[in-house]
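*Asks:* build the 3D model from these lines:
(2 chains)
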Amino acid sequence: MRATEAVGEARRVMEICNACRYCEGFCAVFPAMTLKREFADADLSYLANLCHGCRGCYYACQYAPPHEWGVNVPATFAVVRAESYAEYAWPPRFAALFRRSGVVVSLLMALGIALVLLLAALANPDGALTAARPVAPGSFYTVIPLWAMQVVGIASFGYALLALAMGGARFWRDAGARASGGGGGSGSGGGGGGIGVVALALAAWDVLTLRNLGGGGNGCNDNSERFSMRRRWLHHALFYGFMLCFAATCVGFVYDSVFGWQAPYALASAPVLLGTVGGLLLLGGTVGMFAMRLVGDAAVSPRALLGGDVAMLAQLALAALTGLVLLALRGTGAMGIALAVHLGVILSLFATLPYSRMVHGVYRGLALLRRAAERKLAPAGAGE
Amino acid sequence: VLDPAKTWDVLVAGGGNAALCAAITARKAGASVLLVEHAPRTMRGGNSRHTRNLRAMHEKPTDVLTDAYLEDEYWDDLLRVTGGNTDEHLARMTIRASGAVFDFMRESGVRFQPSLSGTLSLGRTNAFFLGGGKALVNAYYLTAERLGIDIVYDSEVLSLAMDDGTVRQAEITYRGFPATVRARCVVVASGGFQANLDWMRQYWGDAVDNFVIRGTPFNRGRVLRNLLDQGVSPVGDPTQCHAVALDARAPKFDGGITTRLDSVPFSIVVNRDGERFYDEGEDFWPKRYAIWGRLIAQQPGQTAYSILDHKSVMLFMPSVYPAIRADTLGELAVRLGLDPAKLQATVAQYNAAVRAGNFDNTRLDDCATEGLTPPKTHWARVIDTPPFIGYPLRPGITFTYLGVRVNDRAQVLMEDGRPAANLFASGEIMAGNILGKGYLAGFGMTIGTVFGRIAGAEAARHARN
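*Replies:* The predicted structure follows:
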């Protein structure tokens, strides 16, 4: 991690927090912090990515603005996190995409939709694109050939997975668990740090439950001292909705390539049920989180990061919405355009995945893994 | 919100834990309540915002307290730190009530957590607030708002017009403008006067210029002074305050917990002239940190320097300020502004007196000096391993002991011993009744919570009769 101004601010803040430690009960960040006396740049990258942004520590902080020390952990870490996404981006020359993540994602989404529409129009000349088609096996492939969908889908998603994995590897090399307790000032406990089955299971549990987005079990502070589980439930809706949609796609792929059953499928079929429930959850989660982002306390939600956050949410919401629209219109003359728009959004989602705020999932998961691996290390210099 | 025609049942002066407990209790009993907080909303909560736990009696383990902590042990602890400077009736009443505050706190939204790292020894006796005292204060304010308590910030109670033991009205500044408040009863929970440097100067002279006030700058003692001037009976030694050793670089006010320095028992402490002045290893630090504020206040310039070497760096909680380091003692002296020759001589004399022993920071070990005045009786090791490390120290004032005398119904007593008719007190302003000297971790919050609830209930009852 480069020593940016935000990283310097994070160090200043963590040194204050480490002399206070009142927030230990909120989340994994503070117990992880106590293992250190001195914070290397990579340690701050790790801690920033471990932070889920629940804001419990901000509203509880006796040193928050207008105190002269102006401690604001969630806002400070949000900026460091955003910088770390660029730092670990693969290939590195694409790091600049993160600086204007909102613009890049929006433009690519528009391009994706336009491109697929154009191709569909070329493949369906003389008004064939808007001709009514029955809901019959293979009707989607008359708009866009199956091979084209599969080639573009697998290529773009495969690239996204590769780039995310490379980014994750770069993060882990810089800020992952060490064989002996991590970099920087060493923990007095020594040892630990190995990635075992238990650590993997704990980290997976933390990812799947968002345990750390619970402010010690009471919820987040959305925009005031009041606690609420809203953000956690909305994120769950978003995450599990996304996973159900992904499952729908995979089941559809298996239906087609293994059993030769061609889309579109019946309303009561597995792909449609999974996709419908998933799409509704994803749409609800993204719209809810977007609304929360708009009314959120500006002090803890840096304005500079608004674009990237909104672009990611808009992209996911559109993926869900266009999928549901396609389901509703699949027996009408609008099916062709609806399908092209949906596939355009999905293409842009895959293409921008490694360069949008979506990458947070990879680094957050790896940070949780390091925390799980280091769970038994003793705090540094606690005296007892 | 401040209707000049309105008469509230209960006026609460102050906005910390004791004030909030009184206000919430009175409101729940049906009283209309106005709470007047001197600080702006962002800095509300008095010294409670810097606290982190509450000492509670309990007969068996609970979800937030381990083992048991019975009345007699609690009382013995209090007796020891106060040297008998307490009121047994009020103290035992407070101790007994301390075990029964948790339902009230939880109903008011206060959350707890396991004891913090570095404070494991308190897990038996003290319940820790999730996120610390400011989170507790936030929870109480949310509850107060929900219950319909009128709250004004940036507003200070200036005086209570008393007439034959009855408060007739209160003069306040309401967001910078003078205003008169009428209330049937008044609860004063406005703290001590440690942030009023002019008042402190009466007892400490210009030494106060070198004092650090650990908590809120809003504890000016305005209400306390006003009541004592109107024949209210005082309690506690006006010249005394709770003073600890702090990093000298701490801000003048509101530095809170992070400026404390726990290096003393593993170091030697010299004054501005480079001379030692007290046994640094007399006892475990939690039992000694409170005397070091006074010791340093008595040194020239109210300053001192904790000197240690690389061997001891990891033995204490990090201070918020960076250690001052140097490869030689002479260079360290220069960086600290001390005479290098003098510091080297003091360390050499100390090193020569250190007797070999088995160092163990977890117990009162046998590492001590021989033939040195003052001695270092535990954890004495030669200072010889660079880098050498120094921290400048100053006295940090937590609170003052002077307060108003109360009875077990939280009624403020007049000099003739009769209770004032409609005036009650809770928190630091009356803590001197029970804690006349010394300190017991988390006991200030206990007094504030217990007496806040009593004062609120009594005030509500009186207002409705």
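*Asks:* okay, stretch B:14-26 in PDB with CA atoms only?
*Replies:* This file holds the C-alpha atoms of stretch B:14-26, laid out as PDB (Å, rounded to 0.1, in the frame of the first residue of the first chain):
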ATOM      1  CA  GLY B  14     -26.600  19.300  33.700                       C
ATOM      2  CA  GLY B  15     -26.500  16.800  30.900                       C
ATOM      3  CA  GLY B  16     -24.300  13.900  31.900                       C
ATOM      4  CA  ASN B  17     -25.100  10.400  33.200                       C
ATOM      5  CA  ALA B  18     -26.500  11.600  36.600                       C
ATOM      6  CA  ALA B  19     -28.600  14.300  35.000                       C
ATOM      7  CA  LEU B  20     -30.000  11.800  32.400                       C
ATOM      8  CA  CYS B  21     -30.800   9.100  34.900                       C
ATOM      9  CA  ALA B  22     -32.700  11.700  37.000                       C
ATOM     10  CA  ALA B  23     -34.500  13.200  34.000                       C
ATOM     11  CA  ILE B  24     -35.600   9.800  32.600                       C
ATOM     12  CA  THR B  25     -36.700   8.500  36.000                       C
ATOM     13  CA  ALA B  26     -38.700  11.600  36.700                       C
END
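*Asks:* residues from the stretch 1-150 of chain A in reach of chain B?
*Replies:* A:15-16, A:18-26, A:31, A:34, A:37, A:56-57, A:59-68 (Cβ under 8 Å from any Cβ of the partner chain). Backbone N, C-alpha and C define where each C-beta goes, glycine included.
*Asks:* among those, name the buried ones.
*Replies:* A:15-16, A:18-26, A:31, A:34, A:37, A:56-57, A:59-64, A:67 (16 or more other Cβ atoms under 10 Å in any protein chain shown).
*Asks:* okay, and which of these map to helices?
*Replies:* A:15, A:16, A:18, A:31, A:56, A:57, A:59, A:60 (DSSP state H).
*Asks:* now the fourth one: closest residue in space that isn't a chain neighbour?
*Replies:* When you say that, I think you mean residue A:31. residue A:24 (6.0 Å; Cβ to Cβ, 6 or more residues apart in numbering or on different chains).
*Asks:* most centrally placed residue in chain B?
*Replies:* residue B:398 (4.2 Å; Cα atoms, centre = their mean).
*Asks:* that residue touches residue B:244, doesn't it?
*Replies:* Yes - using Cβ atoms under 8 Å, residue B:398 is in contact with residue B:244, at 6.4 Å.
*Asks:* so what sits against both of those two?
*Replies:* residue B:214 (Cβ atoms under 8 Å, 6 or more residues apart in numbering or on different chains).
*Asks:* distance-wise, check the residue of chain A most remote from its centre relative to chain B.
*Replies:* Ranked by distance from the centre of chain A (Cα atoms, centre = their mean), the top residue is residue A:126, with 41.8 Å. Residue A:126 sits 66 Å away from chain B, going by Cβ to the nearest Cβ, to the nearest Å.
*Asks:* ranges for the strands of the stretch 201-350 of chain B?
*Replies:* Here the stretch 201-350 of chain B has its strands, by DSSP state E, counting those that start in this stretch, at B:212-213, B:234-235, B:241-247, B:268-271, B:304-308, B:324-326.
*Asks:* can I get those strands in JSON lines with mean pLDDT and distance to chain A?
*Replies:* Shown next, in JSON lines, are these (pLDDT from 0 to 100; distance: least, Cβ to the nearest Cβ, whole Å):
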{"stretch": "strand B:212-213", "mean pLDDT": "97", "distance to chain A": "14"}
{"stretch": "strand B:234-235", "mean pLDDT": "98", "distance to chain A": "29"}
{"stretch": "strand B:241-247", "mean pLDDT": "94", "distance to chain A": "9"}
{"stretch": "strand B:268-271", "mean pLDDT": "98", "distance to chain A": "17"}
{"stretch": "strand B:304-308", "mean pLDDT": "98", "distance to chain A": "13"}
{"stretch": "strand B:324-326", "mean pLDDT": "96", "distance to chain A": "13"}
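*Asks:* can you list those in a markdown table and add mean neighbour count and distance to residue B:41?
*Replies:* Conversion of these to a markdown table gives the following (neighbours: other Cβ atoms under 10 Å in any protein chain shown; distance: least, Cβ to Cβ, whole Å):
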| stretch | mean neighbour count | distance to residue B:41 |
| --- | --- | --- |
| strand B:212-213 | 24 | 21 |
| strand B:234-235 | 18 | 32 |
| strand B:241-247 | 26 | 27 |
| strand B:268-271 | 23 | 40 |
| strand B:304-308 | 27 | 38 |
| strand B:324-326 | 16 | 38 |
